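K.L.:
got a predicted model here, sequence first, then my questions.
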Amino acid sequence: MTSLEQEIEMDPRMKMRLVVSGHLSAELAEWLEPLRATQLPEGRTELTGLLPDQSAVHSICNRLRDLGLSLESLTVENENF
């Protein structure tokens, strides 16, 4: 097993980047933890962070829906599975 394979096996989390329409308030951003919210130009918000698995990704997407936010993009920066 290579060192990269060992690293992936030891840390199965996924680095996520989501962009939603609108600027989120601090209170709304708390609902989306563990992702960190950063306001972007043109009235968008970037959410970045590590999620443990696909279930957590679905959970975040469900929260976005529940908050009435529009998902513009979802990117897995590194896929470890």
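P.N.:
Now that the structure is in, tell me what you want to look at. Residues are numbered from 1 along each chain as shown.
K.L.:
for the residue nearest the centre of the chain, which non-adjacent residue is spatially closest?
P.N.:
Nearest to the mean C-alpha position of the chain, by C-alpha atoms, centre = their mean, lies residue 16 at 4.1 Å. With C-beta to C-beta, 6 or more residues apart in numbering as the measure, residue 51 is the residue that lies nearest to residue 16, at 5.2 Å, once sequence neighbours are left out. For the C-beta atoms, the positions are set from N, CA and C on the backbone; glycine is no exception.
K.L.:
thinking that neighbour is in contact with residue 17, fair?
P.N.:
No. Contact status for residue 51 versus residue 17: not in contact, 10.9 Å apart, counting by C-beta atoms under 8 Å.
K.L.:
who has more neighbours, these two?
P.N.:
Neighbour count, other C-beta atoms under 10 Å: between residue 51 and residue 17, residue 51 has more, with 19 against 14.
K.L.:
contacting residues for the more buried one?
P.N.:
Contacts here follow C-beta atoms under 8 Å, 6 or more residues apart in numbering; on that basis residue 51 touches 13, 14, 16, 34, 35, 57, 60.
K.L.:
sitting in helices, which of those residues do you find?
P.N.:
Taking DSSP state H as the definition of helices, the contacts of residue 51 contribute 57, 60.
K.L.:
okay, and which of the contacts of residue 51 map to strands?
P.N.:
Per DSSP state E, strands hold the following members of those: 14, 16.
K.L.:
show me which of the contacts of residue 51 are buried.
P.N.:
In terms of neighbour count (16 or more other C-beta atoms under 10 Å), the buried residues within the contacts of residue 51 are 14, 16, 35, 57, 60.
K.L.:
show me the contacts for the third one.
P.N.:
This points to residue 35. The neighbourhood of residue 35, defined by C-beta under 8 Å, 6+ apart, consists of 16, 18, 47, 48, 49, 51, 60.
K.L.:
which residues of the protein score low on pLDDT?
P.N.:
Judged by pLDDT under 70, the chain has its weakly predicted residues at 1-12, 78-81.
K.L.:
quick one: the strands in it?
P.N.:
With DSSP E applied, the chain shows strands at 14-21, 36-40, 44-51, 71-78, listed in chain order.
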